[in-house]
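1. Predicted model and sequence follow; I will ask about them next.
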Amino acid sequence: MLGDGERIPEARVWTTPNENATLHEIVAQGPVLLLFYLFDWSAT
């Protein structure tokens, strides 16, 4: 969670397969749930 005065990183995220936005644009619209997919490369 960000504290007072902390800035949101300028990372780009995909909101749909063909659209992306910055985290700042998304968070400004309200609460956000972020999902991360982590691939286990050790099994390959």
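-> Yep, that arrived.
2. From His24, how far off is Val13?
-> As for Val13, its distance to His24 is 11 Å (criterion: CB to CB, to the nearest Å). Every residue, glycine included, has its C-beta placed from N, CA and C.
3. Where in this protein is the helix or strand with the lowest mean pLDDT?
-> Lowest mean confidence among the helices and strands of the chain (mean pLDDT, DSSP states H and E): strand 12-16, at a mean of 75.
4. Off-centre distance for it?
-> Here strand 12-16 is found 7 Å from its chain centre; the criterion is CA atoms, centre = their mean, to the nearest Å.
5. and that strand, what other elements does it pack with?
-> In terms of contacts (3 or more CB pairs under 8 Å, 6 or more residues apart in numbering; DSSP states H and E), strand 12-16 is packed against strand 19-22, helix 23-27.
6. Reformat the ones you listed as TSV; add mean pLDDT, distance to Phe39 and mean neighbour count.
-> As requested, the helices and strands packed on strand 12-16 are exported to TSV (pLDDT from 0 to 100; distance: least, CB to CB, whole Å; neighbours: other CB atoms under 10 Å):
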stretch	mean pLDDT	distance to Phe39	mean neighbour count
strand 19-22	81	20	12
helix 23-27	78	22	13
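7. coming back round to it: mind listing what the least confident helix or strand of the chain pairs with, with the direction of each?
-> Here strand 12-16 is paired, per DSSP bridges, with strand 19-22 (antiparallel).
8. what's the strand it pairs with in contact with?
-> Ile8, Glu10, Ala11, Arg12, Val13, Trp14, Thr15 (CB atoms under 8 Å, 6 or more residues apart in numbering).
9. Take the residues you listed and write them to a markdown table, including neighbour count and distance to Ala43.
-> Formatted as a markdown table, those follow (neighbours: other CB atoms under 10 Å; distance: CB to CB, whole Å):
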| residue | neighbour count | distance to Ala43 |
| --- | --- | --- |
| Ile8 | 13 | 34 |
| Glu10 | 8 | 33 |
| Ala11 | 8 | 27 |
| Arg12 | 9 | 29 |
| Val13 | 13 | 26 |
| Trp14 | 9 | 25 |
| Thr15 | 10 | 30 |
